[in-house]
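Asks: A structural model of the following input is requested.
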Amino acid sequence: MTTIIRITLKGIFRDRVFQGIMVTAGAFLLIPVIASLSMRQVTELSLTLSLSLISFILLLLSVFLGGTSLWKDIERRYTFSVLGLPISRQSYMLGRFGGVALFVLLAAAVLGAAAFAVVTYSSALYPPDRPIVWSTMAICILFDAMKYILLIAVAFLFSTVSTSFFLPVFGTIATFLAGGVTQQVYEFVNSPASKALSPFVKLLATGLYYILPNFGAFDLKVNAIYGLPLPANGLFLSVAYFVVYVGLLLSVAAAIFARREMR
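Replies: The predicted structure is shown next:
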């Protein structure tokens, strides 16, 4: 499996999609200029723009690398030569997932270092009213990476059942959009304002809340921007949710991939 992970990483670094996406990281150079347009909250705006840019780049990497990594191997018949070696289909799929997930972590670390540099520069020019909690910012970036690793697991699940490019990519995007609002929808359905909704709609919304991944549980941007304390219990539950959900997705994906016919 480690060999598959290493090969996956090498392939990503040679991929044109990766090179094109990473060019967008040059936008970090513009953040201090844009943030300086805010006369009162320059540092807060720098933090907001930096974290949002990291999230956007990781989203692109997750969708296009997670949604196409396994599909391209099957389409180009690379899997036939690899699976002829003494390696199981499950190990091959998990190795590909591990390579993409590890790359997302590496990208988050590099982009996080750029964000730290940008925020440090902005705070030196325009001292903020409240101190920057660097540890909270680092945890925010880490949980952002976890969110997109979870999204990669969703993309791999779609890739194991799809024979085309569209379902893994657009299915992953749709899942991301839906999973980002499940918490708000669930809270609305269980609030007094939802009395006009039918019981079927409430039941459907509740079911989707428990089925779809809750990406909102990994969003700590508000805590990082305003230096708010992080709840230890909430962090622990989010990590446990991540481990269980990713484990379930990969287990289902591995079972499907093991039984899939290769043509």
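Asks: hey, let's count contacts and neighbours off CA atoms from now on
Replies: Noted.
Asks: can you give me the strands for the stretch 101-250 of the chain?
Replies: Per DSSP state E, counting those that start in this stretch, the stretch 101-250 of the chain has no strands. Nothing in it meets that criterion.
Asks: Now do the helices in it.
Replies: Taking DSSP state H, counting those that start in this stretch, the helices of the stretch 101-250 of the chain run over residues 134-161, 166-179, 182-189, 199-211, 221-226, 232-259.
Asks: Return the most buried member of the ones you listed.
Replies: Neighbour counts (mean count of other C-alpha atoms under 10 Å) averaged over each of these peak at helix 134-161, with a mean of 23.
Asks: and that helix, what does it pack onto?
Replies: helix 42-75, helix 89-125, helix 166-179, helix 221-226, helix 232-259 (3 or more C-alpha pairs under 8 Å, 6 or more residues apart in numbering; DSSP states H and E).
Asks: sorry, back to before: out of the helices of the stretch 101-250 of the chain, flag the one nearest A117.
Replies: Ranking the helices of the stretch 101-250 of the chain by their distance to A117 (criterion: C-alpha to C-alpha) puts helix 134-161 first, at 11.5 Å.
Asks: relative to helix 232-259, how tilted is that closest one?
Replies: 20 degrees (axes from the mean of the first three to the mean of the last three C-alpha atoms, to 10 degrees).
Asks: one step back: L204 is nearest to which of the helices and strands packed on helix 134-161?
Replies: helix 166-179 (13.5 Å).
Asks: Give me the spatial nearest neighbour of A115, chain neighbours excluded.
Replies: S50 (5.4 Å; C-alpha to C-alpha, 6 or more residues apart in numbering).
Asks: Now for that neighbour: which residues touch it?
Replies: 28, 31, 115, 118-119 (C-alpha atoms under 8 Å, 6 or more residues apart in numbering).
Asks: what do you get if the cut-off is 10 Å, keeping everything else the same?
Replies: Listed by C-alpha atoms under 10 Å, 6 or more residues apart in numbering, the contact set of S50 reads 27-28, 31-32, 44, 56, 111-112, 114-116, 118-119.
Asks: Would you state the predicted confidence (pLDDT) at it?
Replies: We have a pLDDT of 91 for S50.
Asks: about what we covered before: just the contacts of S50 now: which is nearest L177?
Replies: F56 (13.0 Å).
Asks: For Y92, see how far away the closest one is.
Replies: From F56 across to Y92, the span is 28 Å (C-alpha to C-alpha, to the nearest Å).
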